[in-house]
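Undergrad: Let me see the structure of the following:
(one chain, ligands or ions: 2)
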Amino acid sequence: MSIIIKNDEEIALMREAGAILAWVHEELGKQLRVGMSTMEVDKIGEELIRSKGCIPSFLGYEGYPASICVSVNEEVVHGIPSEDRIIQDGDIVSLDAGVIWKGYQSDAARSYIVGTASAEDQRLVDATKASFFAGIKMARAGNHLYDISRAIDDYIKPYKYGIVKQLTGHGIGKDMHEDPCIPNFRKLTRGPLLKPGMTLAIEPMINMGTWKVGVLEDEWTIVTLDQKKSAHYENTVLITDGDPEILSLTGREV
Ligand code: MF3
Ligand code: CO
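TA: Numbers count the residues shown, from 1 in each chain. Ligands and ions are numbered 1, 2, ... in the order given. Below you'll find the model as predicted:
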């Protein structure tokens, strides 16, 4: 495993990519409505990405056919947008998006409850987001990578939710997926040392019920095996010699 350290110019570009992606998510979040198809969400998202001169990194990635992953309820991640999938009141809609800006990437995801939120669903969405922030408290030079994983796991434990194990966060830079893999659950070891200039996509995927997931016949959509709902929250994060910098947040939406 070799984790690429970015230099100042690369970091500057990743900061710009992140700021654009943060804006894309903000705008997309504002436009989500009951009655929209998931295909409409993708089209709006692609338009927003291209309007800033970025390339949607997901489109064509290993054959993925869209720019935004739109995953509803029991769909965990990698949901394929469809004209036939209409967002219903109370749905948990997870939006995952990636942009390429001058050769550098940013990747981020948000889960929203569209329309009326049940207390149970709100708790899942809030805990998923909070687990990311618990994790990045450990994202500091001198700590080790799996300290982040353990902090996410520890945060989720009291909720008795299922933490998805088959999918992880990842390094990111020129490529969407670089070393290392970043599990959202406890490991036996502490893993590699964190150093300034590492850029990591940290992305807890948390299920209301079982942690076990499968894939639909479309060979993309990851779903919970018990059909219970799932939530996802992700940002691209820079390790510095002080506090971590969350590149894909504008600061207004924390
Ligand atoms: N954002 C996803 C990840 O974090 C990747 C989406 S897969 C794609 O790994 F095919 F849609 F690009
Ligand atoms: Co990712």
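Undergrad: contacting residues for T128?
TA: Under the criterion of Cβ atoms under 8 Å, 6 or more residues apart in numbering, the contact list for T128 reads 111, 204-206, 231-233. In short, each C-beta sits where N, CA and C put it, glycine included.
Undergrad: Residues of this protein that sit close to ligand 2?
TA: Selection of the chain residues close to ligand 2 by Cβ under 5 Å from the ion yields 107, 201, 203.
Undergrad: Wait, the last one touches V237, no?
TA: This points to E203. No - here E203 lies out of contact with V237, judged by Cβ atoms under 8 Å, at a distance of 10.2 Å.
Undergrad: Can you tell me, leaving aside adjacent residues, what's nearest to Y64?
TA: Nearest-residue entry for Y64: F58, 5.3 Å, with adjacent residues in sequence omitted and distances by Cβ to Cβ, 6 or more residues apart in numbering.
Undergrad: Next, that neighbour: secondary structure please.
TA: coil (DSSP: H, G, I helix; E, B strand; the rest coil).
Undergrad: quick one: the closest residue to N73 other than its chain neighbours and ligand 1, what's the gap?
TA: Nearest non-adjacent residue to N73, counting by Cβ to Cβ, 6+ apart: K229, 4.9 Å away. Taking Cβ to the nearest ligand atom, to the nearest Å as the measure, K229 falls 19 Å from ligand 1.
Undergrad: Which pLDDT value belongs to K229?
TA: For K229, the model assigns a pLDDT of 99.
Undergrad: Just give me the neighbour total for P65.
TA: 13 (other Cβ atoms under 10 Å).
Undergrad: What of M208?
TA: By other Cβ under 10 Å, 22 other residues sit near M208.
Undergrad: give me every residue that touches the residue nearest to N73.
TA: If you count contacts by Cβ under 8 Å, 6+ apart, K229 has them with 73-74, 92, 121, 124, 207-208.
Undergrad: ok, 10 Å please
TA: Shown in contact with K229 (Cβ atoms under 10 Å, 6 or more residues apart in numbering): 72-76, 90-92, 94, 111, 113, 118, 120-121, 124-125, 206-209.
Undergrad: ditto for T236
TA: Residues near T236 by Cβ under 10 Å, 6+ apart: 14-15, 17-18, 21-22, 98-99, 104-108, 169, 172-173, 199-203, 245-249.
Undergrad: Kindly report the same for G135.
TA: Contact analysis of G135 by Cβ under 10 Å, 6+ apart lists 147-155, 169, 182, 184, 200, 202-204, 237, 244.
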